[in-house]
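1. My questions concern the predicted model and sequence given below.
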Amino acid sequence: MRHIFSKQDRVLLGELVRTDFKLRYQDSVLGYAWSLLRPLLIFVILYIVFVKFLKVGTGTPHYPVYLLFGIVIWNFFVEMTMQSLTSIVGRGDLIRKISIPRWIIILSSSIAALINLGLNLIIIAIFMIIGHVTPSADALFLPLLLIEIYVFSFAMSLLLSALYVKYRDVSYIWEVCIQAGFYATPILYPLSRITNITFQKILLLNPLAQSMQDARYGLITKHTTIIWHVFNGSWYAYIPFIIVVVFLVGGILFFKKESKYFAENI
Amino acid sequence: MEDNPTVIDVNNLYKTFRLPHEKINTIKSYIVNFWRRKKGYEEFRALRDVTFSVKKGEFFGIVGKNGSGKSTLLKILAGIYYPDQGKVLVEGKITPFIELGVGFSPELTGRENVFLNGALLGFSRKEMHAMYKDIVGFAELEKFMDQKLKNYSSGMQVRLAFSIAVRAKGGILLLDEVLAVGDAAFQQKCYDYFEELKREKKTVVFVSHDMTAIRRFCTRVICIKNGKIVFEGDPAEAADIYQEENMETSRQATKGETEQQQGNSYKVDISIHKQTDAEVNLKINFESKKRGEVFAGISLLKDGQSVAEINTMKQLKLKNKGSISYTLSTTVLNPGTYQVSAALFTRDNKQLVAVCKRKPSFILKDVDRQSLFKGAIIKLPDTWESLKN
């Protein structure tokens, strides 16, 4: 049996990531800076509307950083899934002519998104230093939480990209889902503003909400509603992780089954 | 060669494609079709019960008409398509050339494309760095490497892609219609590359319409018709089968075609009267409604290339209407499909006045199985003599 991730595949992955980057930022004056500017500009808009005018964040310390963190994580999820969604169809020229492992294409778009996430996290670190935010020991969980977010995004990407080969509707449906998800995830409002405890619980079952809140709890402020407190030690608190695992297994199986017919279906 | 190990083993391969009536790729059309209980597709059986094997060091040819399933077969070997039934066992690495320049992106520079294409062919960056200079030199594109590919002419793109491709010599090579592009000089380069592969005893699976190349390079050939193997064995015999089948199709296609003659004053028509092992007897009917003498000419073609031309100028005086014949000695010609066409000229100002649009063809079968070299058009007689000092 062939190695799951051979040396040749690594070379190919590197080359795909490199070309992706070159193609994405060419012909733009600011080039790569856009991947940092975009979340920052969105942050500025949301900050003005929701924090300055609507006073959403009152009561939560370091609310600007809190908000920016949410935007960065959400931005990563959106960027990765949207890129991957069309990536298999977009790389149709390769798939129809050469037998590369199909998931390498998904992996290559995910790496581009990961690099952006890394740079954005550096900006958050700078904001934290400026705002004198001191993380607690719980911040040590951050790498694990980021892995959770990445795995969930990857699983969604596998599902969406394979579905998109068959049904082009998926891109429109996913856009709507993203819109809904933006409000269903506590990105720009503190979860404590939702007074109905059942709603709070339901919203926190979303792996993105759970991991985002956990990360904020350790990194920014203890005034963050997290799943462990809401469910009070019941096993329900593990549902987000179960969701991630189910999506990952389902995504891999579905992608594996469908990828056999990518070449003829694109 | 007999005791060489088998590197590709294909057993009872079946492949069916679903050809949708309209492309169903929205959920709505899927639901609508489901509701009407309509089967929104037709099934096309591309391959039926295909079994063969390739041994190490063979130059294995696959021939067949367009749509016969040969490219599907190659894509299954390359792992791009999956068969519905049957098994494909491949020993070793496969390097597919379904197309030259896979992954070439017009927005990247020549240099960047070389590295990307190299990675797709399985080279590491280090290996690519080592042979980058050779590749560029071979393509004769040193000055253009930092320009975007979209500014290249198509000839330059092919040259660049080919220069990278010839570096890949590892494993089993799958070549599909690589010869279908490029000019005569490029074809020569391709042939040189094939010679090299053959000399180095590489295992090659070669799909082509070019019977000259099949005859010249292949050691064994399968002939595919409607997804089935109809012949397996000697390349020359396979080429004959393919050419006969092809001629049948073109004959049907030209049947209804009316012959256009200039101004209706002159007519000329050519047909093959008789063919034996050594000769082909051609018959020409001509008609001239004007005064003055005419002369007829025949040209012999192979694969669109002119082989010989002959005319009646010196021997015959033609007037009004009549038939003439010409006996073509075929002993000097190598096997292949040849076409003949006839033309009529006025004798006084040598003006072309009529052409026979229908070009009947004949096949010279490969009778001399002993002969090694059959790639050229002309076969010269063996008039060797050893000289004594």
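-> Great, that's in hand.
2. isn't residue B:306 right next to residue B:297, touching?
-> No: contact criterion CB atoms under 8 Å: residue B:306 and residue B:297 do not qualify, at 11.8 Å. Just so you know, the C-beta spots here come from the backbone N, C-alpha and C atoms, and that holds for glycine as well.
3. neighbour count winner among the two?
-> residue B:297 (18 against 11; other CB atoms under 10 Å in any protein chain shown).
4. The host helix or strand of the more buried one packs against which elements?
-> Using DSSP states H and E, residue B:297 falls within strand B:294-302. Using 3 or more CB pairs under 8 Å, 6 or more residues apart in numbering or on different chains; DSSP states H and E, the elements in contact with strand B:294-302 are strand B:266-275, strand B:279-288, strand B:305-311, strand B:321-329, strand B:336-346.
5. Point out the most buried one among those.
-> Of all the helices and strands packed on strand B:294-302, strand B:336-346 carries the top mean neighbour count, a mean of 22, counting by mean count of other CB atoms under 10 Å in any protein chain shown.
6. what's the closest non-adjacent residue to residue A:107?
-> Leaving aside its sequence neighbours, residue A:107 sits nearest to residue A:13 (CB to CB, 6 or more residues apart in numbering or on different chains; 6.1 Å).
7. by contact count, what packs against the helix or strand containing the one you found?
-> Using DSSP H and E, residue A:13 sits within helix A:7-25. Other helices and strands packing on helix A:7-25, by 3+ CB pairs under 8 Å, 6+ apart, are helix A:103-130, helix B:110-120, helix B:125-139.
8. So which residues make contact with the last one?
-> Contact partners of helix B:125-139, identified using CB atoms under 8 Å, 6 or more residues apart in numbering or on different chains, comprise A:11, A:14-15, B:111, B:114-115, B:118-119, B:123, B:142, B:145, B:156, B:159-160, B:162-164, B:166-167.
9. next one: the shortest one
-> Applying CB under 8 Å, 6+ apart, the external contacts of helix B:110-120 come out as A:11-12, A:14-16, A:18-19, A:22, A:94, A:98, A:100, B:101-105, B:108, B:125, B:127-128, B:132, B:135-136, B:141, B:144-149, B:152, B:160-161, B:164, B:167.
10. Pull out the buried residues from these.
-> Among the contacts of helix B:110-120, those scoring as buried are A:11-12, A:14-16, A:18-19, A:94, A:98, A:100, B:101-105, B:108, B:128, B:132, B:135-136, B:141, B:144-145, B:148-149, B:152, B:160-161, B:164, B:167 (criterion: 16 or more other CB atoms under 10 Å in any protein chain shown).
11. need the residues of chain B near chain A, please.
-> B:17, B:25-28, B:30, B:75, B:78-82, B:94, B:96, B:98-99, B:102-103, B:105, B:107-108, B:112, B:115-116, B:119-120, B:122-125 (CB under 8 Å from any CB of the partner chain).
12. let's go with 7 Å and repeat that
-> Applying CB under 7 Å from any CB of the partner chain, one finds that chain B approaches chain A through B:17, B:25-27, B:78-82, B:96, B:98-99, B:102-103, B:105, B:107-108, B:112, B:115-116, B:119-120, B:122, B:124-125.
13. which ones among these are found in helices?
-> The helices, defined by DSSP state H, take in B:27, B:112, B:115, B:116, B:119, B:120, B:125 from the residues of chain B next to chain A.
14. For PyMOL, write a command that selects the buried ones of these.
-> Buried residues within those, by 16+ other CB under 10 Å, are selected in PyMOL with:
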select buried, chain B and resi 112+115+116+119+120
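15. Just to check, residue A:265 is in contact with residue A:168?
-> No: the criterion here is CB atoms under 7 Å, and residue A:265 misses it with residue A:168 at 11.5 Å.
16. Comparing those two, which residue is more hemmed in?
-> Each of residue A:265 and residue A:168 has its neighbours counted (other CB under 10 Å); residue A:265 has more, 18 against 15.
17. Spatially nearest residue to the more buried one, not counting backbone neighbours?
-> residue A:165 (5.2 Å).
18. And for residue A:205?
-> Closest to residue A:205 by CB to CB, 6+ apart is residue A:239, at 5.0 Å.
19. Repeat that for residue A:157.
-> Distances taken as CB to CB, 6+ apart put residue A:84 closest to residue A:157, at 3.4 Å, once the chain neighbours are dropped.
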